[in-house]
Structure formats: structure tokens, C-alpha cells
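Colleague: just to be clear, the model below is a prediction. Sequence and coordinates:
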Amino acid sequence: MLTGVAGIMTQMALEQSIREITDYLETIDKKIDDLLQDQKDQSIANLVGVAHMVDETVMIRNKVGSVTDTTWSKIAGCPQDLVRAQGYALLKIEGLAKKLSEAGDAGEAERVSVQMQKDITEWTSILGNAVQLQDKLYVLELDRVMAERPETVEMHRQGVIEARRVRLHDIESKLFQLNASIKASGLKVREQKVKHPFAVTHTLQILDEVNDHVAQFA
């Protein structure tokens, strides 16, 4: 019974995280589905299908009271889609930092920073969705294990906590690397203040806003 209580407490913590991520995503993008559907890459586009499938499974689980074989089969392949989407989004974020660092002059840095400001919101939205969906899957996983093999719930619960910690640490590390790269690029742009005062001022303002966004998300 105590093992079951620990599993339920972990589920409650995950569900709280899901609510917090949902609130955050609403502040940065009101049209998440449209954003995802606009992505040409299949690994990102699949997030829309995963989201609908997971939400449907949660709804059925709430009605039935457990995750049945039939219900579980609907989402068994979803984690792979989430891993691919997360990896792709992180690669795109790394690409933004590289593009900025390679900007030749203040004018180019300004153009890149304007595009970065738009793109970083999209890619962090996608990362947020991937994190949220994985947390929902963890809740369903724990339900499944408690129903099928209750004697393994504690080990599974600990595994879920550790896997989630590693996944979030990977995302956080990549975002902090982006922060550091943006700061370094900002220092390089600042050196051109005399020759390009307006472009440099605008670029630095944008980079500060991007860094604040990335830090808050991380």
C-alpha cells in the first residue's frame, strides 16, 4: 500500500508540472497546434498526433479507472516520437547560436538576432510540448505498472524520476550553452558600436530579450 502511495504522489507531482508547463506555453504561444503543424520535419509534425493520442488515452483512463492493454497500445510508440522531436529542436537551437557567432558584421548580426528572436520562441514551445507530453506518459506508465506489477512500482517510480532528471538536465544544459554563446556574440557585436551605433544597440536589445526568454524557460 505504501508503495502505491509513493507512485500516486509521483503522479501528482508530474501532473503539477504538466499544469505549470501548460500555463507557461500559453504565455509564449497561443497557437501551439498551428505552430507544430507548420513544421515540415516529420519528427516535429508527429508531435501533433502524439498530443492527440496521449490526451485521448488520459480521457479513457479517467473514465475506466486504469490503463488497459487496448489503451496502452495506442501510445506504446509515442516516446520515440518525443525523443526525436526533442533532439531535433535542440539541434535547431544549437544552429541558432552558431549562425549568430558566425555573423560577419553588426548589420548581419542584427538580421540574425531578429530571426533568432522569432525562432527561439518556436523551438522552446516545441521543447515545452515534448516535456509536457512525456510527463503525461509517465503518469500513464505508473498507472499501468501499479495495475499489472505492483511489486515493481517503487523501482519503476525511481526509474521515472531519474530518467526525467537526466532528460531535463540535457535540455537545460543546451539552453545554458545557448545563453553563453549569445553573451559572447553580444560582446563581439558591442565592439562595433562606433561604426554601427543603431544596429549594435538594436541587436544587443534583442539578444538580451532572447537570453531572458531562454533562461526563464530553462
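Modeller: Thanks, I have the structure now.

Colleague: which SS state does the most centrally placed residue in the chain fall under?
Modeller: With distances taken as Cα atoms, centre = their mean, residue 127 lies nearest the centre of the chain, 1.9 Å away. With DSSP: H, G, I helix; E, B strand; the rest coil as the basis, residue 127 sits in helix.

Colleague: just the element for the closest residue to it other than its chain neighbours, please.
Modeller: Nearest residue to residue 127 in three dimensions, chain neighbours excluded: residue 89, at 5.0 Å (Cβ to Cβ, 6 or more residues apart in numbering). Placement of C-beta: from N, CA and C, glycine included. If you go by DSSP states H and E, residue 89 is part of helix 78-101.

Colleague: kindly report the same for residue 24.
Modeller: helix 2-28.

Colleague: how far is that helix from where the chain is centred?
Modeller: Helix 2-28 has its average C-alpha position 15 Å from the chain's average C-alpha position, going by Cα atoms, centre = their mean, to the nearest Å.

Colleague: can you tell me how far the residue nearest to the centre of the chain sits from residue 107?
Modeller: 30 Å (Cβ to Cβ, to the nearest Å).

Colleague: do the same with residue 162
Modeller: 47 Å.

Colleague: quick one on the thing from earlier: buried residues in the helix holding residue 24?
Modeller: 7, 10, 11, 14, 17, 18, 21, 24, 25, 28 (16 or more other Cβ atoms under 10 Å).

Colleague: okay, now residue 194: neighbour count?
Modeller: Here the count is done by other Cβ atoms under 10 Å, and residue 194 has 7 residues near it.

Colleague: which is the next helix or strand following the least confident helix or strand in the chain by mean pLDDT?
Modeller: The weakest-scoring helix or strand in the chain, judged by mean pLDDT, DSSP states H and E, is helix 32-38 (a mean of 60). Heading C-terminal from helix 32-38, the first helix or strand you meet, by DSSP H and E, is helix 42-64.

Colleague: output the helix or strand following that next one as PDB, restricted to C-alpha atoms.
Modeller: Going down the chain from helix 42-64, the next helix or strand is helix 69-75, by DSSP H and E. Listed next in PDB are the C-alpha coordinates belonging to helix 69-75 (Å, rounded to 0.1, in the frame of the first residue of the first chain):
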ATOM      1  CA  ASP A  69      -3.900  -3.300 -22.900                       C
ATOM      2  CA  THR A  70      -6.000  -1.700 -25.700                       C
ATOM      3  CA  THR A  71      -5.500   1.800 -24.300                       C
ATOM      4  CA  TRP A  72      -1.800   1.300 -23.800                       C
ATOM      5  CA  SER A  73      -1.300   0.000 -27.300                       C
ATOM      6  CA  LYS A  74      -2.400   3.400 -28.600                       C
ATOM      7  CA  ILE A  75       0.600   5.200 -27.100                       C
END
